[in-house]
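> no sequence for this one, just the structure:
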């Protein structure tokens, strides 16, 4: 038995089979995106669940080593977060050819254009509007995909021969119709802005937690008796039921108070070093920095949208066959159009074309022939044969980016309004506090 096991293992390795078990078969992968009452959102290999964190309304992506069938990475990308979408694009670009990619989510209102463009390179062939499951490969067609909620996708991964160089597998050509629209890739400038934005958001979240004075940390906690707090330390002595704090909980609360005191002292030191008037003013400046970076991203996306619209207009014009350039043009007698050259010979009222008009139309036809040949050459280089699908893909991308920009503008407007209202409330609070202090004196 041992000799047979080792022989089977050696055969798998020498043949370069990936996901090939020694029993002679390939591993079976199952994905689910049901609700918590059914199968839930999960990833399984040969029936064994991969115990990985997932989020139902976000893009959950798991990559597998094509030989050891072990998970190599697991990450969740939120669709409403542009920087998460930029990270998804960057992460997929880094994957070597042949890497197994599993994608699952239960529901997403609208898939971002950047995510669709990135996922097309690992097997996505549709534009999912609700739930979605996919078993794909980098730079190849998918093994299976399904759209909808409460779905199950199960497939046996193909045991494909390969060389001995890591993930360097022979990959299938991506479907031409879906490759047509692949191209909303965040550039290095957007990635750099996202890196700064992430840092500011992390700093802002930290200082938001630190701004609460330690003596007030547990004041509104319903677990504790509000009359049992020590005024100087903020430590409660009794539970809401009147029971005295037990040793383990007391130790835990003392640790949290110590950490809060350290963070609050660090925040006050930072405020002093930055020369801010108050903690509130310092935090408000960080919020302003976050909004400024988000606006910078929005501007970059707007510029990209303009370039996409220009490209769409150009290729939409070039997609028209030269022989059909004047079909439907009410200036000309449609029956007088030569079916081969596309050249009309008469105007709409039956008059023969004037020589100058004839020369101008011939020039337009030559220009259209050049544009159409350029389009076909571009598509040939990209391995695309369906012109209509290519143009429709560009049109869909433009529509999606427009919708995303509208959502981002709306969110930024709400954030700015909330920030302004918060600063106004702080100003009123400060004035009120000052008046109270005078009255008390």
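Okay, I see it. In this text, all values refer to a predicted model and were calculated from it rather than measured experimentally. Numbering: from 1, shown residues only.
> quick one: contacts for the residue positioned nearest the centre of the chain?
For the chain, the residue nearest the mean C-alpha position is residue 85 (2.5 Å; C-alpha atoms, centre = their mean). Contact partners of residue 85, counting by C-beta atoms under 8 Å, 6 or more residues apart in numbering, are 77, 79, 112, 114, 115, 118, 186. C-betas here are computed from N, CA, C, even on glycine.
> Report the separation between the two terminal residues of stretch 232-246.
End-to-end distance of stretch 232-246 (C-alpha to C-alpha, to the nearest Å): 21 Å.
> neighbouring contacts of that stretch?
With contact meaning C-beta under 8 Å, 6+ apart, stretch 232-246 is reached by 213-219, 221-225, 228-230, 253-254, 257.
> Likewise for stretch 49-61?
33, 41-44, 62, 71, 73-79, 88, 91, 101-108, 115.
> Same question for stretch 207-227.
Contacts of stretch 207-227 from elsewhere in the structure, counted by C-beta under 8 Å, 6+ apart, are 229, 231-240, 242, 253, 256-257, 260-261, 263-264, 266-267, 270, 279-280, 282-283, 286.
> again, only this time at 7 Å
229, 232-234, 236, 238-240, 242, 253, 256-257, 260-261, 263-264, 266-267, 279, 283, 286 (C-beta atoms under 7 Å, 6 or more residues apart in numbering).
> Narrow these to those that are buried.
Among the contacts of stretch 207-227, the ones that count as buried by 16 or more other C-beta atoms under 10 Å are 229, 234, 236, 253, 257, 260-261, 263-264, 267, 279, 283, 286.
> Identify the farthest-apart pair in those residues.
236 and 286 (31.3 Å; C-beta to C-beta).
> any idea how far residue 75 is from residue 157?
21 Å (C-beta to C-beta, to the nearest Å).
> These two: who's more crowded?
Higher neighbour count among residue 157 and residue 75: residue 157, with 21 against 16, using other C-beta atoms under 10 Å.
> Need the pLDDT of residue 362.
Here the pLDDT value assigned to residue 362 is 95.
> would you list every one of the helices in the stretch 151-300 of the chain?
176-179, 188-210, 247-274, 279-318 (DSSP state H, counting those that start in this stretch).
> what's the least confident stretch among those?
Taking the mean pLDDT of the helices of the stretch 151-300 of the chain, helix 176-179 comes last: a mean of 40.
> which residues of the stretch 1-150 of the chain fall in strands?
28-33, 41-45, 48-49, 59-64, 71-77, 100-105, 132-137, 144-147 (DSSP state E, counting those that start in this stretch).
> Now mean pLDDT too, for the ones you listed, in CSV please.
Listed next are these as CSV, based on pLDDT from 0 to 100:
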stretch, mean pLDDT
strand 28-33, 91
strand 41-45, 91
strand 48-49, 89
strand 59-64, 94
strand 71-77, 92
strand 100-105, 94
strand 132-137, 94
strand 144-147, 92
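> Switch the ones you listed over to TSV; also include distance to residue 383.
Formatted as TSV, the strands of the stretch 1-150 of the chain follow (distance: least, C-beta to C-beta, whole Å):
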stretch	distance to residue 383
strand 28-33	27
strand 41-45	31
strand 48-49	37
strand 59-64	24
strand 71-77	27
strand 100-105	20
strand 132-137	16
strand 144-147	20
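> if we compare those, which one ends up closest to residue 384?
Across the strands of the stretch 1-150 of the chain, residue 384 has its closest neighbour in strand 132-137 (19.1 Å, C-beta to C-beta).
> Need the per-residue pLDDT for residue 222.
pLDDT at residue 222 comes out at 95.
> filter the contacts of stretch 232-246 to the buried ones?
Looks like the contacts of stretch 232-246 have 214, 215, 217, 218, 224, 225, 229, 253, 257 buried, using 16+ other C-beta under 10 Å.
> In those residues, find the pair that's most separated.
Longest span within the buried ones among the contacts of stretch 232-246, C-beta to C-beta: 214 and 225, 18.7 Å.
> before we move on, back to that, out of the buried ones among the contacts of stretch 232-246, which one sits closest to residue 301?
Of those, the one sitting nearest to residue 301 (C-beta to C-beta) turns out to be residue 217, at 40.3 Å.
> That closest one and residue 223: what is the separation?
Taking C-beta to C-beta, one finds residue 217 at 13 Å from residue 223.
> As JSON lines, the buried ones among the contacts of stretch 232-246 with distance to residue 205 would be great.
Output for those, formatted as JSON lines (distance: C-beta to C-beta, whole Å):
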{"residue": "214", "distance to residue 205": "18"}
{"residue": "215", "distance to residue 205": "22"}
{"residue": "217", "distance to residue 205": "17"}
{"residue": "218", "distance to residue 205": "20"}
{"residue": "224", "distance to residue 205": "25"}
{"residue": "225", "distance to residue 205": "31"}
{"residue": "229", "distance to residue 205": "27"}
{"residue": "253", "distance to residue 205": "22"}
{"residue": "257", "distance to residue 205": "20"}
